[in-house]
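> Can you look at this prediction? I've put the sequence above it.
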Amino acid sequence: MHKKTLSYAFRRSLFNYYVAKRVKSTLDSSSPLSLSLPSFVGEMRGKHFLNTDDFSQDEVARILDLSFQLKRSFDDRVPTPYLPGRTLFMLFYNRSLRTRNSFEAGIYQLGGHAHFLSPSDVYTPALPEDSVPYQTEAISDVSRVLSRYGDAIAIRVYGDASRWIIGRGHKVIQEFARYASIPVLNMEDDLYHPFQALADMMAIKNVFPNPQGKRLVVSYAYSGGLKPLAVPQSSVLIGTQFGMDVVLAHPPGFELEEAVMEAAKKKADRYGGRIRVTNDMKTAFEGADIVYPKAWSCKKFFPPYSPSVDKAGASAYQDGFKDWICTPELMELTNKARYMHCGPADRGMEVVDEVIDGPQSLYFEEAENRLHVQKAVMCMVMG
Amino acid sequence: MHKKTLSYAFRRSLFNYYVAKRVKSTLDSSSPLSLSLPSFVGEMRGKHFLNTDDFSQDEVARILDLSFQLKRSFDDRVPTPYLPGRTLFMLFYNRSLRTRNSFEAGIYQLGGHAHFLSPSDVYTPALPEDSVPYQTEAISDVSRVLSRYGDAIAIRVYGDASRWIIGRGHKVIQEFARYASIPVLNMEDDLYHPFQALADMMAIKNVFPNPQGKRLVVSYAYSGGLKPLAVPQSSVLIGTQFGMDVVLAHPPGFELEEAVMEAAKKKADRYGGRIRVTNDMKTAFEGADIVYPKAWSCKKFFPPYSPSVDKAGASAYQDGFKDWICTPELMELTNKARYMHCGPADRGMEVVDEVIDGPQSLYFEEAENRLHVQKAVMCMVMG
Amino acid sequence: MHKKTLSYAFRRSLFNYYVAKRVKSTLDSSSPLSLSLPSFVGEMRGKHFLNTDDFSQDEVARILDLSFQLKRSFDDRVPTPYLPGRTLFMLFYNRSLRTRNSFEAGIYQLGGHAHFLSPSDVYTPALPEDSVPYQTEAISDVSRVLSRYGDAIAIRVYGDASRWIIGRGHKVIQEFARYASIPVLNMEDDLYHPFQALADMMAIKNVFPNPQGKRLVVSYAYSGGLKPLAVPQSSVLIGTQFGMDVVLAHPPGFELEEAVMEAAKKKADRYGGRIRVTNDMKTAFEGADIVYPKAWSCKKFFPPYSPSVDKAGASAYQDGFKDWICTPELMELTNKARYMHCGPADRGMEVVDEVIDGPQSLYFEEAENRLHVQKAVMCMVMG
């Protein structure tokens, strides 16, 4: 039957069917009330995200699957309005480029909104032992108040902001979590940088879909600055969590926290990986599949390992290790390893341009992945 | 007639009816052009909100009704996109946790957007008498420029930012209002904190739906910090506006502004309430239904009551009244009174933890209510 | 035929037609996937906007046409959601009222979102020659990272932020553009202020739809502050680009950059305009159709024209020209000229209130136009 000869009634019923289908899809996709959300939204509703070690390999793998999915949507410019009306409070006690912009752009791409809160704009939230009358406000109060207005609190706090007392930054975040009735997200404290670890594992999985048994070298590299332990600690934790053959390389004195090493050993045992320590950068690089050379500070100059904060001592001590720098010669020793760094890299100290800007570098990919992993976790805990 | 046996024509007409209904509701709720807004949106279009005293009891009661309505929507996660495309400029000359976050989250929950403007990021808007070449810009210019870009200007200014000249902060806000062609909102100046007063009355009405005749004790409480008169002044104004039996308690020297006391007396007369003053905290608490113990500063150390600003004198004087603190013993004297404070409370000075964290405390509810009352006023004046 | 007597079938088909039309328009206008965008969105996709001189008269005229169109939509409150999901990064090395608020409100009115980035909140992006370990981050890195998260980078940098080395601010912006894979927008550097020039030409065209041959006087006017060359340079460029009769008036020593004067002459030749220089403000004003009296600084006190930065020398020198002020007497000499200034104007130095607040002033219109021209360019390059 030719189209033209279709009866009016038949055409009308076809048309009605078409209208109904489009209406239904419109209602499903654009009406705020009947929005049909993917099942992962709210899958970990209300959970804090303070440390990757609080989650199982399966849970982290699930987050990474969603991160890849959200990356595809982002690349294809497919809207992902999964958190309409949701507010994220971002408290930055420290400077940030990647973290701030990836969180703020990320929540917006999910249909939500972020508040950028500098501690000098609010009454600085403080632990009881750090309170200063009329300058600070108890974290217990701040956390409970913000819980009434929005949907998650993200915090960055280390170094000067946590008075260089190792563990104090993490304690600040735990205090927020204790009083918040909404999820608390760790944007890097003095012990952990869990979203960086997720972004890094996403980059690793993009190269090695099954990272088990691959050799990940987390190495000290020199910088004149004083950096926290967060990145190397979260790196060894995520590596062992995925059964990798983790080598930690550093000069004497740059040991990680005991508790972290024990947790890494536990993960290694559970997931079929390894964790070893060496004091030689060159040996460590031999046969590596991934290298992650990055500065951190020597603990013994800071409380509780020292009676007082001795920044000058820490700087002088680390200045003895300027030869811990990632060069093409070192890269030659590896198994064509990929280079990783959380950023900002101190070019000329931690690494030379040829490596970080070279074809083996995952530097910008790691930075980009921050966006995707954070969107995945926000969807899961804030939905 | 069984469903299966319905004639095709009848089913089709039912279906058409259903489609039409859904289409209409979609168009009404999601199309930006045909959005049908609740009638309160724009009900006070273009009005400034500088002081609750500028409004009648009926008008304030109407705002509170809408606040409760918006709170229900918030609690039920019902979207309230009543101000799509609207921009709120927030100028904070002073620190803020509650105000900043409740305004920014609030306008976003209404579909709008807030700019957080620190005076150091813009050319600081200043009165002619406070202008500093190349650092400040005339408020008259700033106000007219912002009026071209967005939909309301909210301002917080007191203390150092208004040079501790009592009334200067309020004058800044009045100057903005004089030149703005969009509503100006007072986020706390040195005389009034009208949104706090609304939030407080909302908390009171939640306990006493008809607050008339209930005894509200607005009392001085010690703090080492120098605080403005805004909260106690707005408290006695809103209390008398709702016919409450207001008792103002403070040590000698902590008198409120004459004009405010006269306005409160007028309101009391008009709405069947009372306003009394006592210099004894204990007497004041006896039989109270609500207590609001809060620090403010002694006026006589500041212009125009003093030739110059004497912060040291004001601090020394108030240090004589450290016994003005809200304790469980004092609470025992009341009629099982609810405890109120605008936040941040100076714990251990104004109040002990046992009271502020106890079952009679409305502390976090007041903070939360800021969100709802501000959304109500923004809907009414910016719509 | 009376409405009531229409047959049921006919009414139903009318109704169906109506439903279909509304459904189609709903789908077109509100579904994020099937949004039909105006053709200008993305018309210059990916282009940087660093200097109006990089564009032809036709291209600039096209931008201005869209600006007028977007202004009408704004005035009529017609939504313009042309950049949904798009993120604009705004890096302000200097203070800003107009630029910051017009960009932030503008991208929001287009359905997008802006990040306000103070250089002290991020690791300050710096040229290699300006890098400070642990304080700055290479622009090449910052630009590549932000390119992974969002859709355009807007930058303001001049004066202290570019160390008063003339051209250094523009070099910062060029460095961003070199490494960015998303458009870079110049929010004013030490050489150009292209969006101000667009806003100014929009104001001129509103008075003179065809500005060709009209006399535009860009004149020095005294201020105690040290201001960049950006506004006068972009003014002579945009004036000559539209074939105006441009008169540049300034005291000896206030010459613009050679390259800019040559570019202006080229434009004048190409588009039938003129560019002349005089050292007499009064002569310049005679017969003017538009006057633009505005302070800038004498180049010879700054590198590369001086071995070091000599702010005191520059201030002392310009203090000799306090009589370069725009008064009603000067305005009397003109052809009923319109008064222009980019803001903030130093009242009492560059201009007296009577002129800037008088009926010939375009001051607030120029400020408002910033919103519209920036929205036009963002639509074209970010779409």
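Sure thing, it's come through. Residues are numbered from 1 along each chain as shown, chains lettered A, B, ... in the order given.
> Pretty sure A:Asn101 sits in a strand.
No - the assignment for A:Asn101 by DSSP: H, G, I helix; E, B strand; the rest coil gives helix, which leaves it out of any strand.
> What separation is there between whichever residue of the stretch 201-350 of chain A sits closest to chain C and A:Pro119?
Closest contact between the stretch 201-350 of chain A and chain C, by Cβ to the nearest Cβ, is at A:Gly225 (3.8 Å). From N, CA and C alone the C-beta is placed, and that goes for glycine too. Noted for A:Gly225: a distance of 21 Å to A:Pro119, by Cβ to Cβ, to the nearest Å.
> what's the answer for A:Gly343, then?
When A:Gly343 is compared with A:Pro119 (using Cβ to Cβ), they lie 23 Å apart.
> Which one's more surrounded, the two?
Neighbour count, other Cβ atoms under 10 Å in any protein chain shown: between A:Gly343 and A:Pro119, A:Gly343 has more, with 21 against 18.
> what's the spacing between stretch A:200-217 and its chain's center?
16 Å (Cα atoms, centre = their mean, to the nearest Å).
> first to last residue in it, what's the distance?
13 Å (Cα to Cα, to the nearest Å).
> Flag every buried residue along that stretch.
A:Asp200, A:Met201, A:Met202, A:Ala203, A:Ile204, A:Lys205, A:Phe208, A:Pro211, A:Lys214, A:Arg215, A:Leu216, A:Val217 (16 or more other Cβ atoms under 10 Å in any protein chain shown).
> next one: stretch A:155-162
A:Ile155, A:Arg156, A:Val157, A:Tyr158, A:Gly159, A:Ala161, A:Ser162.
> Report the mean confidence score over it.
The predicted model gives stretch A:155-162 an average pLDDT of 96.
> does that stretch come close to chain B?
No - Stretch A:155-162 is not in contact with chain B by Cβ under 8 Å from any Cβ of the partner chain; minimum separation 14.2 Å.
> what's the span of that stretch, first residue to last?
Span of stretch A:155-162 from end to end, Cα to Cα: 12 Å.
> can you tell if whichever strand or helix holds A:Thr240 touches chain C?
Take DSSP states H and E as the rule and A:Thr240 turns out to sit in helix A:230-241. No - judged by Cβ under 8 Å from any Cβ, helix A:230-241 and chain C are separated, with a smallest distance of 15.2 Å.
> average model confidence for that helix?
98.
> got the angle for the helix or strand that comes right after it vs helix A:230-241?
Sequence order places strand A:245-249 as the next helix or strand after helix A:230-241, per DSSP H and E. Counting by axes from the mean of the first three to the mean of the last three Cα atoms, to 10 degrees, strand A:245-249 lies at 150 degrees to helix A:230-241.
> Any idea how far apart the tips of stretch A:189-199 sit?
16 Å.
> now that stretch, how far from the centre of its chain.
Centroid separation for stretch A:189-199 versus its chain: 5 Å, with Cα atoms, centre = their mean.
> How about stretch A:127-140?
Remark: stretch A:127-140 is offset 27 Å from the chain centroid, using Cα atoms, centre = their mean.
> what comes up buried for it?
A:Leu127, A:Asp130, A:Ser131, A:Thr136, A:Glu137, A:Ala138, A:Ile139, A:Ser140.
> now check it, is it near chain B?
Yes - counting by Cβ under 8 Å from any Cβ, chain B is contacted by stretch A:127-140 at A:Pro133, A:Tyr134, A:Glu137, A:Ala138.
> Residues of the stretch 251-383 of chain A that sit close to chain C?
A:Gly343, A:Pro344, A:Ala345, A:Asp346, A:Arg347, A:Met349, A:Phe364, A:Ala367, A:Glu368, A:Leu371.
> Most neighbours out of the residues you listed, which is it?
Busiest of these [other Cβ under 10 Å] is A:Ala367, holding 27 neighbours.
> out of the buried residues of stretch A:200-217, which are inside strands?
Residues of these located in strands (DSSP state E): A:Arg215, A:Leu216, A:Val217.
> List just the nearest of those to B:Ser96.
Distance to B:Ser96 across those (Cβ to Cβ) is lowest for A:Leu216, with 44.8 Å.
> Bridged to the closest one, which residues?
Beta-bridge partners recorded for A:Leu216 (DSSP bridges): A:Val246, A:Ile290.
> wait, it sits on A:Asp245?
Yes - using Cβ atoms under 8 Å, A:Leu216 is in contact with A:Asp245, at 7.0 Å.
> How many neighbouring residues does the closest residue in space to A:Val377 that isn't next to it in sequence have?
Excluding the flanking residues, the one nearest A:Val377 by Cβ to Cβ, 6 or more residues apart in numbering or on different chains is A:Phe49, at 5.4 Å. Burial measure for A:Phe49: 25 neighbouring residues, criterion other Cβ under 10 Å.
> Fine by me, thanks again.
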